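Enquirer: Quick check, what structure comes out for this input:
(one chain, ligands or ions: 1)
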Amino acid sequence: MQRFQLNQETSSAQTVPVSYNLNDWQKGYRSLRDECAYWIDEIEGEVPIDLNGTLFRNGPGLLDIGGRRIHHPFDGDGMVCAFSFRNGRAHFRNRYVQTQGYLEEQQAEKILYRGVFGTQKPGGWLANFLDLRLKNIANTNIIYWGDKLLALWEAAEPHRLDPQTLETIGIDYLDGVLQPGSAFAAHPRIDPACQFDQGEPCLVNFAIKPGLSSRITIYELNAAGKVVRQHAHAVPGFAFMHDFAITPNYCIFFQAPMSFNPMPYLLGLKGAGQCLQVRKQPTQIVIIPRNGTDPVQFIPVDAGFVFHHANAFEQDGHLYIDSICYATLPDIEPDEDYLQVKFETLDPGQLWRFQVNPQTQTVDRQLIDPRCCEFPVVHPSQVGRPYRYLYVGAAHAPVGNAPLQALLKLDWQTGEQKLWSAAPRGFVGEPQFVARHNSTAEDEGWLLTLVFNAETERSELVILDARHLQPVAILRLKHHVPYGLHGFFTPQTFAPAD
Ligand SMILES: [Fe+2]
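Expert: Next up, the predicted model:
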């Protein structure tokens, strides 16, 4: 385990009562090979009549290929689920993204590509030696923007799907902006009122080209899906950045102090993601002005590693960034089995607030809550703005490290917290906040999250009233869905006719 500079006193693993059974958790990591489409008829409670739209959600669907397990779920082929809501009813559909690698491996019934997180072709190191082909697995996120449904994987191009059927249309190059092999990150942010577009919403995303010196390219797409702004910036050192945050004026990245030793990858011994090494240096906050012309700022801070930012905003001449920080990252060694993870020995992701003074280049930081958490979301209209409510997947226990089994709502104004827990046998995924139509209060709406229920060995979509954090409906699927990553809600309903 490699340790970052963060705060060892508060982030070290602690012994707490265990709220889960590891065997239960493991059951959520089974392949789902079937592709289904049906109206959900097993519902506890009632789907709100005014909840209309479609929740798309992406994640690895296959944990084994040709009878051989992949090394890590992050290497799993992308499988998209769509929950479509209309007039109090809900329709479910799931389909695999028909990437080139998925089609080839399903045809061959064996692993043909190495994975970034350690999946190797059968045959030992010699069979993997100098095979540097990248399999675009399209498994991390899905967005609906400019009338296009795009499955995202950060190291390669997006795949476009049909939002009605989830059939794969093909790789999408954003009308020629991207080139074959271009990266396009899996964490776009939507500016709800872009000052460069007369207050219209725009989608902001980035691409990283890592190296001894790295390059970050910013893309901004208008509501029609056209790239209207694009600028690139050199960043000293190796950059592994999964997510970023935006404000009206800035794109903000946290560059963890890591380097890349390519030799084990080249020799066929490890995946590229297993070759990262932590350096004893602070994290760099990289602040890129969205106007594309002002200078980029680099401000050091002990922030550990960040997969996901909750939000950022500008206030009183300061920049505020709320992020989930890790003091360490678990190693994914070739001889380790991710299903045997000892959660209690790992450091949790924890919510921190960073207050940056750009004039003095200083940062004040505060650990907001020691509870293990991940997958933060806010009301879409508050992205990049001062906001009151944060929602995040969380562990059941208030300290220590454990799988996500609960949802936490944090009120920044009062400090009040609400927790809804699916423990001991439920395991939650990323929540999505859906605002009620014509709502005025920031927490007027619902939280949607997919829960794996180990008792039934099936998954269920739980709809919670976001104000009280209480379930209003539990939609039981006919099967499980493997633990996934990110999703997107659009108010457009894509469902078959009744
Ligand atoms: Fe992510």
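Enquirer: and the closest residue to residue 71 other than its chain neighbours, what is it in contact with?
Expert: Once its chain neighbours are removed from consideration, residue 71 has its nearest residue in residue 118; the separation is 3.6 Å (Cβ to Cβ, 6 or more residues apart in numbering). For every residue, glycine as well, the C-beta is placed using N, CA and C. With contacts defined as Cβ atoms under 8 Å, 6 or more residues apart in numbering, the neighbours of residue 118 are 71, 72, 75, 270, 271, 273, 274, 332, 334.
Enquirer: list the contacts for residue 457?
Expert: By Cβ under 8 Å, 6+ apart, the contact set of residue 457 is 27, 480.
Enquirer: Enumerate every residue touching the nearest residue to residue 288 once chain neighbours are set aside.
Expert: Nearest non-adjacent residue to residue 288, counting by Cβ to Cβ, 6+ apart: residue 251, 4.5 Å away. The contact partners of residue 251, by Cβ under 8 Å, 6+ apart, come to 204, 206, 218, 244, 245, 287, 288, 290.
Enquirer: returning to that earlier point: out of the contacts of residue 118, which is nearest to residue 466?
Expert: Using Cβ to Cβ, residue 72 is the member of those that sits closest to residue 466, with 32.7 Å.
Enquirer: Measure how buried the residue nearest to the closest one when sequence neighbours are not counted is and give me the count.
Expert: Of all residues not flanking residue 72 in the chain, residue 117 sits nearest, at 3.7 Å (Cβ to Cβ, 6+ apart). Using other Cβ atoms under 10 Å, residue 117 has 19 other residues around it.
Enquirer: quick one: residue 117 and residue 76 touch, right?
Expert: No - using Cβ atoms under 8 Å, residue 117 and residue 76 do not qualify as a contacting pair, with a distance of 9.4 Å.
Enquirer: next one: phi and psi at residue 124?
Expert: For residue 124, the backbone dihedrals are phi 80, psi -170 (criterion: degrees, to the nearest 10).
Enquirer: Could you tell me which residues make contact with it?
Expert: Taking Cβ under 8 Å, 6+ apart as the contact definition, residue 124 lies against residue 268.
Enquirer: Residue 105: what secondary structure?
Expert: When classified by DSSP: H, G, I helix; E, B strand; the rest coil, residue 105 comes out as helix.
Enquirer: hmm, back to that, pLDDT of the host helix or strand of the residue nearest to residue 288, averaged?
Expert: With elements delineated by DSSP states H and E, residue 251 resides in strand 250-255, which encompasses its position. Per-region confidence: strand 250-255 scores 98 on mean pLDDT.
Enquirer: Just the C-alpha atoms of that strand, please, in CSV.
Expert: The C-alpha coordinates for strand 250-255 follow below in CSV (Å, rounded to 0.1, in the frame of the first residue of the first chain):
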residue,chain,number,x,y,z
TYR,A,250,-12.4,27.5,-13.8
CYS,A,251,-11.7,23.9,-14.4
ILE,A,252,-10.0,22.4,-11.3
PHE,A,253,-8.0,19.2,-11.1
PHE,A,254,-6.1,17.5,-8.3
GLN,A,255,-2.9,16.0,-9.6
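Enquirer: ok so, going back, quick check on the contacts of residue 118: which are buried?
Expert: 71, 72, 75, 270, 271, 273, 274, 332 (16 or more other Cβ atoms under 10 Å).
Enquirer: returning to that earlier point: so among the contacts of residue 118, where is pLDDT lowest?
Expert: Per-residue confidence over the contacts of residue 118 reaches its minimum at residue 332, where pLDDT is 76.
Enquirer: that's a strand at it, yeah?
Expert: No - Residue 332 is assigned coil when assessed by three-state DSSP, not a strand.
Enquirer: Let me know whether it touches residue 272 as I believe.
Expert: No - with the criterion set as Cβ under 8 Å, residue 332 and residue 272 do not qualify as a contacting pair; they are 11.3 Å apart.
Enquirer: Please name the strands paired to the helix or strand just after the strand holding residue 251 in the sheet, noting orientation.
Expert: Taking DSSP H and E as the definition, the helix or strand that follows strand 250-255 towards the C-terminus is strand 258-260. Strand 258-260 has the following strand partners under DSSP bridges: strand 276-278 (antiparallel).
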